[in-house]
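[1] Fold the following, please.
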Amino acid sequence: MSRHGAFWVAALASELVLASLGRAQTAVPDHTATYRADSLRLSGRPWHAAETLLAAARRDPNPNAFLIVEGAKAEVHARRFEHARTLLAGQPWLLDYLDGEALAVLAQSEFGVGRFADAATHFQMARARAPAARVPLLAVRAGVAFDAAGQADSAALAFAAARAGGKLASIDTWLRVRQARVTRDTAAVSQLVADVPAPAARDVPIARARSLLLAGDTTRAIEAFAAAGKGGSLDAARLALATGDSARARTMLYALLARDPLSDDAAAAVSLAIGPLPPRAPDQHVALARALNRRTSVRDARIHVDHALRAGDSSAATLLLYGELLVSSGRLRDAVRAYAAAAHDSAARPLAVYRRARVLVRLGDSTAIPALSGFAQSYPADSAAPGALYILGDMQDGRDDWGQAGRWYTELIGRYPTDARASLARFRLAAHAESAGHPDSAAALYQSEIDASGPQRTAARFWLGKMAAARGDSAQAKRIWIALAHEDSLGYYGMRARRETGLGPLAFAPPVVQPTPPAPAVVTGLARIDTLLLAGLDTEAQAEVRVVLAHPPQDLEGLLAWSEGLGVRGYGSAAVRLGWQAALLAPGDVRVLRAIFPWPNRAAVEAEAQEFGVDALLLAALVRQESVFDVEALSPAGARGLAQLLPSTASLLARGLDVAFYPEWITVPDLNLHLGAAHLAELLRRFGRVDAAIAAYNAGPQPVRRWLDRAGASDPDRFIELIPYPETRGYVRSLLRNRELYRALYGP
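    Just a heads-up that it's a prediction; the model follows:
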C-alpha cells in the first residue's frame, strides 16, 4: 500500500468493505466494531481502525472470518504488516473468502515484511479468484513481487498479463518499462521501450541494463548500468563485484559515495563499503566517512577519517571534516586542533578559523573573544563575519556584561546594517534600552530597522506601537497598529496589531467564484496517480507528481485542482508548492489561501486534538509548520511524519501512553498525529502557556526553561522576541500566525 496514498486508498477500501457486507458467507460479524473501524478509516485514522478491530477480536473467543479479514486490512493500512500476516496465515477459509480478497490482503502483508515469493504466489491466487475489474491491478502487484523475489520470467508474464486488454492504459508506459526490465529478449525490450515518453523514459536505461544482465551479457550490462548514471552506479558496482572484478567495483562504489553521499544509492552502498569492498586509499576512507556522517553514524565516520589521516591525507577538506566529526563526538579540544591544522591552507583558512572560534565559545575558553573578533577583523567580507560579531555580543549578553555586549552589537549594526544578524542586534539593544528606562533610544533603534528595510521591520513597527501605548499615547499606538494590520494582514505582527486594536479576528469573505469541475487533464492525471498507487507502483506515482511540479498548469483552476488532489493523497508539500504558484495569479483568493494552508485530514487532526484536550487549530497549525501535511516528511535531524517526531521521542511517548510502537510505524498518519498531540498536550501542561510550549516542541524543554528565567519573559511578546534561536523564534511566530489563519479559513 502506498504511503502517500494512504488516505485515498483507505477510503476506497472502506467502500469495498461496505459492499462486501452483503456478500460475506461467514458468521454474523461484529457490526459495531467493523462500522466503527470503517468510519475511522474514512476519517484518515487507519491505526485507530486496526486497534478497534483487534480489540473486537480479543473480545470474541471465536472471531469470524469477516472480523479477521477486516482487522488484517486495517493492519495493512497502518503498515503493521507482520500483524496482518499473522492474522491471516493458515486460516482454513482463506482460499474461499470473497473473491480472493483475503488472499490479496495476505499478499500485501507478506510483501511488506519482505516475503516476496510468498506475496507473488498469493497475489496470483487472488488474481485467479478476483472480479474482472481487479485482475489487472493484482497482476501488476504480482509482477512487482516476482521481480523483488528475483523471478524475472514470472514477473514478465505478470506484467504482460496486466497490459493485456488495455484496462490499465493510463499507466501502460510505466508497465512497459517494468516488463522490459524483467525480459531476457533484448530485441523485445527495444520494442517495449522504443517510444516511451517522459517521465517513464527516465527508467529506460536501467531497464535495458537489467535486460542485458538477464540475457547473460554481463560485460555490456555493467557498461549499461554505469552509463545510466544515478540509479545505475550501485548496480554496476554490485555486478562488477559478482563477476570477480573487485577493483572496478571498488572504483565505481567510491566514486558514487564521493559524488552523492546523501543519495539513497549511497545509503545502500555503505553496506558494500563496510563489507566486501572496504576502503583502501585515504580518499576512499573519506568518501565513506562523508556518507556515514550524513546518516548520523558519527563514530564510524570518525574512524575512517582517522584512517585517512594516518595514511597521510592532511588536506584541509579532510581536516575540516575531521573537526566536524570531533565536535559531534564531544571531543572539542581535539576539534580545536584539527581546525587549527586546517587553517594552514590559505583557501580553507577563513572557514577553519571561524569554526575553531565557535568551538572555543562552546568550551568557554578565554581566547574565544580574540579569536572571533580577529576573524571579523581579518575577513570582513566573509559571510560569517556578521555572525562572529553577533556571537560576541550574545556571549557577553549571557554573562550580563552589557557594556561589552552593546559594543559588539553596535559594531555589527555599523558595519553590516542590512544583515539579518544586525536586525537581531537592534532588537537586543532596543530591549535593553527599554528596560533601562531609555524609551527614546529604543524607539530610534526600531525606527532604524524600518529605515534599513531590515527583515524585522514589521516587528519594529509593532514595537513602536507598544512603546507609544506604554507612554500613554494610545492614539499614536492605534494609528501604527491599524496601518500594520492592513499592510501585513496575513503576517504574525499584522495579526498581533489587529488584536491590540480590537479589530476582531481575521475573517475572509466566501469565494465569489463558483466551483467548476476540474479540467479533464487534471482528472486524468490524478486518476493515473491513483492507478499507480493501487497497483503498488509508489515510485512511479511520485515521478508523476514531480512532473506536475516541474510543469504546473498556467491557469488558476488547474493549479487549485491539482493542489487539492495531491493534498488529499498525502503529497502535502507538493500541494502547497502549487498553492504558492496559484498565489502569483490570485493572491487574495480564499481558495488560494486554503491551498497554501491546507487541512486535508481535518477529521483525524480534530479527533486527536479532542482526545488530548488541545486546540485543534493549534495542532493543525503545528502540522502545517512541521510537515506541510506530507505524511512522509523527513527532517535533516531525522524527525518523521506529520508531526515530525524523532523515533526516540515517539518511542518514549508510546511507552507513556501504553501504545505498541515499532520504528517503521512512525509515519502512519494517525499514529504520528496521536503521539504528536500527546507531546503537545504534555508541553502545554508543563509550561502553562502556548508560546513556551510550542517553543519547546521545536527547541526542547531545557532551553525554554532558561529563556523563561530571563527578565521580561512574562510578557509573551518580549519572550518571543528574545528567543535566541532564530529557527525557534520564527517557528513560534509562524505557528501562532498559522493558527489564526486556520481559524479564519476553516472556522472553529
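
[2] so which helix or strand takes in the spatially most distant residue from the centre of the chain?
    For the chain, the residue at maximal distance from the C-alpha centroid (CA atoms, centre = their mean) is G472, at 47.6 Å. Using DSSP states H and E, G472 sits within no helix or strand.

[3] ditto for V659
    Using DSSP H and E, no helix or strand contains V659.

[4] wait, doesn't it sit right on H674?
    Yes - assessed by CB atoms under 8 Å, V659 is found in contact with H674 at 7.5 Å. Where C-beta positions appear, they are placed from N, C-alpha and C, glycine not excepted.

[5] so A381 sits in a strand?
    No - counting by DSSP: H, G, I helix; E, B strand; the rest coil, one finds A381 to be coil, located in no strand.

[6] A148 versus that one, what's the distance?
    54 Å (CB to CB, to the nearest Å).

[7] quick one on the thing from earlier: for the residue farthest from the centre of the chain, give me its contacts.
    By CB atoms under 8 Å, 6 or more residues apart in numbering, the contact set of G472 is empty.

[8] The one residue sitting closest to the centre of the chain: what's its closest spatial neighbour, skipping adjacent residues?
    The centre of the chain sits closest to A633, judged by CA atoms, centre = their mean, with a distance of 1.8 Å. Closest residue in space to A633, ignoring its immediate chain neighbours: S627 at 3.7 Å, by CB to CB, 6 or more residues apart in numbering.

[9] Kindly report the same for A240.
    A249 (3.9 Å).

[10] do A200 as well
    Among residues not flanking A200 along the chain, T173 sits closest, at 4.3 Å (CB to CB, 6+ apart).

[11] A381 and A148: which is more packed in?
    More crowded of A381 and A148, by other CB atoms under 10 Å: A148, with 16 against 6.

[12] Tell me if I'm right that that one and D118 touch.
    No - in this structure, A148 is not within contact of D118 by CB under 8 Å, at 11.2 Å.

[13] Tell me which other helices or strands the helix or strand containing A291 touches.
    Using DSSP H and E, A291 maps to helix 282-293. Helix 282-293 is packed against helix 246-259, helix 264-273, helix 298-310, helix 316-328, with contacts defined by 3 or more CB pairs under 8 Å, 6 or more residues apart in numbering; DSSP states H and E.

[14] Now do the shortest one, average pLDDT.
    Per-residue confidence for helix 264-273 averages out to 88 on the pLDDT scale.

[15] Let me see the residues that make contact with it.
    For helix 264-273, using CB under 8 Å, 6+ apart, the contacting residues are 230-231, 233-234, 237-238, 241, 249, 253-254, 256-257, 260, 279, 284, 288, 291-292, 294-295.

[16] how many other residues sit next to D345?
    Neighbourhood size, D345 [other CB under 10 Å]: 16.

[17] same thing with A713?
    18.

[18] Now do the same contact list for it.
    Neighbour list for A713: 707, 719, 722 [criterion: CB under 8 Å, 6+ apart].

[19] sorry, back to before: and the residue nearest to A240, how many neighbours?
    Every residue meeting other CB under 10 Å relative to A249 is counted, giving 22.

[20] Domain map for this protein?
    What automatic domain parsing lists as the domains of the chain is 6-273, 520-596, 602-746.

[21] and these as TSV, adding distance to L506?
    Below are the domains of the chain laid out as TSV (distance: least, CB to CB, whole Å):
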stretch	distance to L506
domain 6-273	27
domain 520-596	11
domain 602-746	4
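
[22] before we move on, back to that, how much space between the residue nearest to A240 and A287?
    14 Å.

[23] Over to D99?
    Taking CB to CB, one finds D99 at 53 Å from A287.

[24] quick one: which of the two has more around it?
    A direct count of neighbours by other CB under 10 Å for D99 and A287 places A287 higher, at 25 against 15.
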